[in-house]
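J.: quick one, fold the following:
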Amino acid sequence: MIVLRSRLGVLSVALLAIFLWCCGGGQPAPVEPITTPESPRDPLPSWNDTAAKSQIIAFVNRVTDPSSSAFVEEQKRIATFDNDGTLWVEQPLYTELTFAVSRVKELAPTHPEWKRQEPFKSLLAGNTEGVVATGQRGLVEIVLASHTGMSTALFNTIVVDWLNQARHPRFGRPYTALAYQPQLELLAYLRENGFKTFIVSGGSVDFMRPWTERVYGIPPEQVVGSAVATRFEVQGGQPSLLRLPEVAFVDDKAGKPVGIHHFIGRQPILAFGNSDGDLEMLQWTTIGSGGARLGLLLHHDDAEREYAYDRDSMVGRLDEALDAAPTANWVVVSMKNDWTTVFPE
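T.: The predicted structure is shown next:
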């Protein structure tokens, strides 16, 4: 009896297999895999889930959704970023000014007159207060002395060599390793959504262009900055551009909207700064303009992970723009509260 039942069981299984094979056209019926919906990718993982992050993502969603009344065509999605203090560290001294000081000290042996002339006398003596006392004029003289008198190609090489060996006095890392990780993510997120990202900085355009593409993904042609006069020459049968000791353009404060107009040709729909030097750029981007607009200010309020400074700082002063933010509906991004990390690991 047991053997008979066993044979009947085998026969039943065989008949069932033949039936399924015939009904399936000779092939076993496919088994649908069980899938679970994936969580959407966080485009800004180094940003805390605060109002600032939500406002950025909501803005990008509005201007990129063709069904939205705020939709912006891709060629008009222009985003401008200040550099110093917005994309990388600017304390305790602007990086380019640190470079200029280093260059002046290197060139000093061939300029004995600097021992008697300000601002060089104070700079070479390590007298910071003396340098500061010379004001804007003194800073311009330091920059011109350190940035000119050579070809653009040689200056490019000098900048790259200095950045390769210079280290930040507090963090001990190359300055190009001190770009802000949350901002690198934001730049990438905007580009993924059809934005063209520009740097609009008071710094020298030729100091930034040798490295911005490698560090930020922003190519040289999308960098707007201050510039010295330049002259075309043929030296030894080779064409060259010579950097002259004359200021050609200052891309700071009210100069930023002018620089945007001259070198970009489109009004931004997003602008990100961190100081009063960016006030006019944010005004130009957001105030009195139709359509969706977003202005952002980075507030340095994290002394533990970076620096805390605003109204009274000589470097990256944020005073007037901070007062204007609530009325203009600019997003004030707190480094301390809105960012999970500051620098790349």
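
J.: just how off-centre is the host helix or strand of Leu241 within its chain?
T.: Per DSSP states H and E, Leu241 falls inside strand 238-249. Using CA atoms, centre = their mean, to the nearest Å, the distance from the centre of strand 238-249 to the centre of the chain it belongs to is 27 Å.

J.: buried sites along it?
T.: Leu242, Arg243, Phe249 (16 or more other CB atoms under 10 Å). Heads up, the C-betas are built off the backbone N, CA and C, glycines and all.

J.: then stretch 309-328?
T.: Neighbour counts over stretch 309-328 (16+ other CB under 10 Å) mark Tyr309, Asp310, Ser313, Gly316, Arg317, Leu318, Ala321, Leu322, Ala324, Ala325, Ala328 as buried.

J.: select from the residues you listed every entry located in helices.
T.: Ala321, Leu322, Ala324, Ala325, Ala328 (DSSP state H).

J.: all strands in this structure, in order from the N-terminus.
T.: 78-81, 196-204, 223-235, 238-249, 270-273, 294-299, 331-334 (DSSP state E).

J.: quick one: contacts for the residue nearest in space to the middle of the chain?
T.: Note on the chain: the residue nearest the mean C-alpha position is Leu87, at 3.9 Å, using CA atoms, centre = their mean. Counting by CB atoms under 8 Å, 6 or more residues apart in numbering, Leu87 touches Phe81, Ala179, Tyr180, Gln183, Ile199, Tyr216.

J.: excluding covalently adjacent residues, which one is nearest to it?
T.: Gln183 (5.2 Å; CB to CB, 6 or more residues apart in numbering).

J.: got the contact list for Ile56?
T.: Leu44, Trp47, Leu186, Leu294, Leu296, Val331 are the contacts of Ile56 under CB under 8 Å, 6+ apart.

J.: is the residue lying closest to the last one once chain neighbours are set aside in a bridge, and if so with what?
T.: The one in question is Val331. Ranked by CB to CB, 6+ apart and with sequence neighbours excluded, the top spatial neighbour of Val331 is Leu296, at 4.8 Å. Leu296 has the following beta-bridge partners by DSSP bridges: Phe272, Val331.

J.: thought Leu296 was touching Leu270?
T.: Yes - with contact defined as CB atoms under 8 Å, Leu296 reaches Leu270; the gap is 7.5 Å.

J.: contacting residues around the nearest residue to Met281 once chain neighbours are set aside?
T.: Leaving aside its chain neighbours, Met281 sits nearest to Lys256 (4.0 Å; criterion: CB to CB, 6+ apart). Residues near Lys256 by CB under 8 Å, 6+ apart: Val200, Gly202, Gly277, Asp278, Glu280, Met281, Trp284.

J.: and for the first one, the neighbour number?
T.: So the one you mean is Val200. 28 (other CB atoms under 10 Å).

J.: which residues does it contact?
T.: Counting by CB under 8 Å, 6+ apart, Val200 has contacts Thr80, Phe81, Asp82, Val224, Gly225, Asp251, Lys256, Gly259, Ile260, Ala271, Met281.

J.: what's the closest non-adjacent residue to the second one?
T.: With CB to CB, 6+ apart as the criterion, Phe81 has its nearest non-adjacent residue at 4.8 Å, and that residue is Phe272.

J.: gap between the one you found and Leu184?
T.: Distance, Phe272 to Leu184, by CB to CB, to the nearest Å: 13 Å.

J.: so for those two, which residue has more residues nearby?
T.: Counted by other CB under 10 Å, Phe272 and Leu184 do not tie: Phe272 has more neighbours, with 30 against 18.

J.: having no further points to raise, I will conclude here.
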